[in-house]
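In: this one's structure only:
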């Protein structure tokens with residue numbers, strides 16, 4: 001089996017993980033809530049408005065503060081929504097899984113810290129697997 005085939009298997013395994021299924025389920029629940037999707041769209045629009053205000057050559061401090069306050073208000077509403085909070089938690093758990101996988105892979109290919117790593121930990125002098 002070559003490296004790309006193993007990577008495909010890893011991708012399939014990740015897509016079958018409970019963490020990934022939780023993300024998909026949370027995304028579905030968010031997408032089905034029309035009020036929440038409108039609030040998310042409003043947040044994105046307010047963020048874009050703020051960026052445009054900040055990039056304007058004649059930036060109005062009051063306009064920037066008002067746009068920032070609008071964004072913060074909407075962000076608070078999003079964070080108070082249980083479906084949105086569940087989505088954030090599910091995404092974080094999946095990112096933690098990805099980080100753990102990357103750490104495991106890196107323990108074998110990080111040339112600087114594991115030059116002599118053969119995968120056999122009996123003579124290990126401190127690698128991370």
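Out: Here it is on my side, so go on. Keep in mind that what you see is a predicted model, and the values were worked out from it rather than measured.

In: which one's the longest helix in this structure?
Out: The single longest helix within the chain, with elements called by DSSP state H, is helix 82-109.

In: Just the buried positions in that helix, please.
Out: Applying a neighbour-count criterion of 16 or more other Cβ atoms under 10 Å, one finds 83, 84, 86, 87, 90, 93, 94 buried in helix 82-109. Quick note: C-beta positions are derived from backbone N, CA and C, even for glycine.

In: which secondary structure elements does it contact?
Out: With contacts taken as 3 or more Cβ pairs under 8 Å, 6 or more residues apart in numbering; DSSP states H and E, helix 82-109 sits against helix 3-15, helix 18-32, helix 34-55, helix 61-80.

In: that older thread, greatest separation within the buried residues of helix 82-109: which pair is it?
Out: Within those, 83 and 94 form the most distant pair, 16.6 Å apart (Cβ to Cβ).

In: one step back: of all the helices and strands packed on helix 82-109, which lies closest to residue 107?
Out: Per Cβ to Cβ, nearest to residue 107 of the helices and strands packed on helix 82-109: helix 3-15, 14.9 Å.

In: ok now that closest one, how far from the chain's centre?
Out: From the chain centre to the centre of helix 3-15 is a distance of 20 Å (Cα atoms, centre = their mean, to the nearest Å).

In: do stretch 9-20 as well
Out: 16 Å.

In: cool, and stretch 38-56?
Out: Computed by Cα atoms, centre = their mean, the chain-centroid distance of stretch 38-56 equals 20 Å.

In: can you check stretch 16-26 too?
Out: 13 Å.

In: Tell me which residues are up against it.
Out: Contact with stretch 16-26 is made by 14, 83, 86, 87, 89, 90, 91, 93, 94, 96, 97, as judged by Cβ atoms under 8 Å, 6 or more residues apart in numbering.

In: Would you mark the buried spots in it?
Out: Neighbour-count burial for stretch 16-26, counted by 16+ other Cβ under 10 Å, picks out 17, 19, 20, 22, 23, 26.

In: Of those, just say which sits nearest to residue 76.
Out: When those are ranked by distance to residue 76 (Cβ to Cβ), residue 26 comes first, at 19.6 Å.
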